[in-house]
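Undergrad: sequence plus the predicted model coming up.
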Amino acid sequence: MTLAAELKDTGPEKLLAPVLSAFWDEDRSWTLDVYRRHEGYEGLRKALAMSPDDLIAYVKESGLRGRGGAGFPTGMKWQFIPQGDGKPHYLVVNADESEPGTCKDIPLLFANPHSLIEGIVIACYAIRSSHAFIYLRGEVVPVLRRLHEAVREAYAAGYLGENILGSGLDLELTVHAGAGAYICGEETALLDSLEGRRGQPRLRPPFPAVAGLYACPTVVNNVESIASVPAILQNGKEWFRSMGSEKSPGFTLYSLSGHVASPGQYEAPLGITLRQLLEMSGGMRPGHRLKFWTPGGSSTPMFTDEHLDVPLDYEGVGAAGSMLGTKALQCFDETTCVVRAVTRWTEFYAHESCGKCTPCREGTYWLVQLLRDIEAGKGAMSDLDKLNDIADNINGKSFCALGDGAASPIFSSLKHFREEYEQHITGRGCPFDPAKSTAWADRTEVNA
Amino acid sequence: MGGDAIFEALQDHLGLGNGETTDDGKVTLEHIECNAACDYAPVVMVNWEFFDNQTVQSAKRLVDDLRDGRTVSPTRGAPLCTFKETARILAGFPDEREGAVDAGGSAGPASLVGLRLARGETAPARVVHPRDGGPQDAPQDRAVHDPSPNEHLSSHDAPQDTSASDPAHPAGPTAEEGE
Ligand SMILES: Cc1cc2nc3c(=O)[nH]c(=O)nc-3n(C[C@H](O)[C@H](O)[C@H](O)COP(=O)(O)O)c2cc1C
Ligand code: SF4
Ligand code: FES
């Protein structure tokens, strides 16, 4: 086979599948005009021609799974909304994106906010909701601006408001900017925050599907989950199922970051591997090799270069001992100190811990103290077991999944890189030069 | 990637600690983490606008320009407004400035790398072979993985056995708990 032919089979044209990102490079891609030119709001017309129950069944059969981290089937989540209960129903879109490593929803909303709005209208028709919310993290004003404008455009064009496209569906959409707390991405804390309270997780049950926003049945979905729905309706569930695997069908955004040659968004069928992504995109930065990476953000147990061929779908990553999470592929090369990286993540968790439960509030605090000591060469060997112990006391024993997420880099780094921790203790400090892992380490910096 | 170095350099340069403001009131330095922009790392934000792919030098220049009242332009997003105006936008009032929504183009360069590759617009497989082996030279053995102890059910937060996610107990019109 010639090289060119080989590339056709295994090259990026074959391996990638831009759907949501298909026209991000067009001028004013975020406007209604451009979205309409790309079959925008056509999926909605198809949806409105179905009955809401058929629509839910259709989304369920497509196999779409939540893209917010847990991979829960989206159609099933919609189905849990009780019908005929006389209460208002709500759809809340989780755009709080703040899991370290995760950076897909923000570019999606910046370049193509109408895909989300169309998805929202479809979802609300299905779950019989007449009021939806987008909960956007507050630190991304450029995205907020475009959301405001896109929602205004959608109202003006009759995709929101009363009697949408003559279907009798009324829908109000509110964009809410949060104050920037990781915990507000946890769905029940998000609801508390949206209600105007301090964002702390709620005890479940009752689940949001029963008693969510203002104690009414509520669906909370990730941005990408909802934004994927219009394409499924427009192109059909068979088309969607033709990508990915039986249990993880469809396309998704992978976010490559860290010490790679080309960080950025790669939309591909589920099940692509990191090796394939790296090979097409130029690999790690020149002259360096992969040391460890996260398959789905810092809360998912880290992988090493042994795991380059793990299919990046829910089952594949799960079988290899981690989680697909948000598909945030943060890659670190050999210049990176694992202890330092884990310390930074843990500082993040300690800072973002809401304080509601003791294992997480106290545990993350003490993890940071121990890690800082180890990083500074003041640790003892017994600290390593202590780290494991504390993480074990957080994992599964805390009130929400933030705690479990905080434990996961501790466990996985100790599992794969215990030796490196030991070097910090026996060598009285960090053997790495942090300057070497900066983005500019290999550049000759011009002093302007 | 260099965030630590930039933060330290700015503390030094401005003579400030985390959360402190310069005497002229122009710059408040605050440590942030994770702003959903890993693919543009390291990132500095001014009034919640993105300044992507920073270095120590560029960040120092940025604060100097801010203190001297020179115009600085974010890499994605609109020209800077005052923080008061930013707060208004956050409170839900659209930015009425001419061209503000358009500013910054459709998507930043990193957001487009996958798309360009998929279209064949950039040459693929430009892997620069690392001197000392790299991902493509990495060991191929895919030993069967023993399930890690941390693959704990509750490290997911949705699909646990719950009334809402348990198909056997779908949430009916009346809640099981607390009506
Ligand atoms: C600490 C924490 C932070 C989270 N942050 C987010 C987030 O920023 N965005 C998101 O979509 N889901 C986040 N989640 C997951 C949500 O709780 C929820 O599972 C998700 O929004 C469901 O959407 P999906 O079914 O469409 O994936 C977070 C969970 C936890 C525990
Ligand atoms: S695990 Fe942490 S973030 Fe979650 S409720 Fe407990 S203290 Fe709050
Ligand atoms: S921006 Fe989130 S960790 Fe990089």
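TA: Ah, there it is. In this text the structure is predicted, and so the values were computed from the model without any measurement. Numbering: from 1, shown residues only, chains lettered A, B, ... in the order given. Ligands and ions are numbered 1, 2, ... in the order given.
Undergrad: how about stretch B:64-82, does it reach chain A?
TA: Yes - using Cβ under 8 Å from any Cβ of the partner chain, stretch B:64-82 comes into contact with chain A via B:Pro74, B:Arg76, B:Gly77, B:Ala78. To be clear about C-beta, it is placed using only N, CA and C from the backbone, and glycine gets the same treatment.
Undergrad: if I look at the second one, how far off is A:Leu109?
TA: In this structure, B:Arg76 lies at 12 Å from A:Leu109, with Cβ to Cβ, to the nearest Å as the measure.
Undergrad: sort the residues of stretch B:64-82 next to chain A by pLDDT and name the bottom one.
TA: Across the set of those, B:Gly77 stands lowest in pLDDT, at 89.
Undergrad: show me the shaky parts of the stretch 301-448 of chain A.
TA: A:444-448 (pLDDT under 70).
Undergrad: could you pull out the helices in it for me?
TA: Secondary structure of the stretch 301-448 of chain A by DSSP state H, counting those that start in this stretch: the helices cover A:314-319, A:338-352, A:358-375, A:382-394, A:401-426.
Undergrad: more neighbours: which of B:Arg76 and A:Leu109?
TA: Using other Cβ atoms under 10 Å in any protein chain shown as the criterion, B:Arg76 and A:Leu109 rank with A:Leu109 on top: 28 against 25.
Undergrad: just to revisit the earlier point, ok, which pair from the residues of stretch B:64-82 next to chain A is furthest apart?
TA: B:Arg76 and B:Ala78 (9.3 Å; Cβ to Cβ).
Undergrad: identify the contacts common to these two.
TA: Taking Cβ atoms under 8 Å, 6 or more residues apart in numbering or on different chains as the contact rule, B:Arg76 and B:Ala78 both touch A:Pro142, B:Glu49, B:Gly104.
Undergrad: what's the closest of those to A:Ile81?
TA: A:Pro142 (33.2 Å).
Undergrad: the closest one and B:Lys84, how far apart?
TA: 18 Å.
Undergrad: comparing the two, which residue is more hemmed in?
TA: A:Pro142 (24 against 8).
Undergrad: how about the helix or strand harbouring B:Gln11, does it reach ligand 3?
TA: Taking DSSP states H and E as the definition, B:Gln11 sits inside helix B:3-14. No - taking Cβ under 6 Å from any ligand atom as the criterion, helix B:3-14 and ligand 3 are apart, separated by no less than 8.3 Å.
Undergrad: return the list of helices and strands in contact with that helix.
TA: Applying 3 or more Cβ pairs under 8 Å, 6 or more residues apart in numbering or on different chains; DSSP states H and E, one finds that helix B:3-14 contacts helix B:56-67.
Undergrad: now the element after the helix it packs on, going C-ward?
TA: helix B:83-90.
Undergrad: so where do the strands sit in chain B?
TA: With DSSP state E as the criterion, chain B has strands at B:44-46, B:49-51.
Undergrad: count of neighbours near B:Asp102?
TA: B:Asp102, neighbours per other Cβ under 10 Å, totals 16.
Undergrad: now it: how far from A:Asp33?
TA: Applying Cβ to Cβ, the value for B:Asp102 to A:Asp33 is 12 Å.
Undergrad: again with A:Gly321
TA: 47 Å.
Undergrad: more neighbours: those two, which one.
TA: A:Gly321 (22 against 12).
Undergrad: circling back to that earlier point, in JSON lines: the strands of chain B, plus mean neighbour count.
TA: Formatted as JSON lines, these follow (neighbours: other Cβ atoms under 10 Å in any protein chain shown):
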{"stretch": "strand B:44-46", "mean neighbour count": "19"}
{"stretch": "strand B:49-51", "mean neighbour count": "24"}
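Undergrad: now these in a markdown table, with mean pLDDT and distance to A:Arg146?
TA: Listed next are the strands of chain B as a markdown table, based on pLDDT from 0 to 100; distance: least, Cβ to Cβ, whole Å:
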| stretch | mean pLDDT | distance to A:Arg146 |
| --- | --- | --- |
| strand B:44-46 | 96 | 17 |
| strand B:49-51 | 95 | 13 |
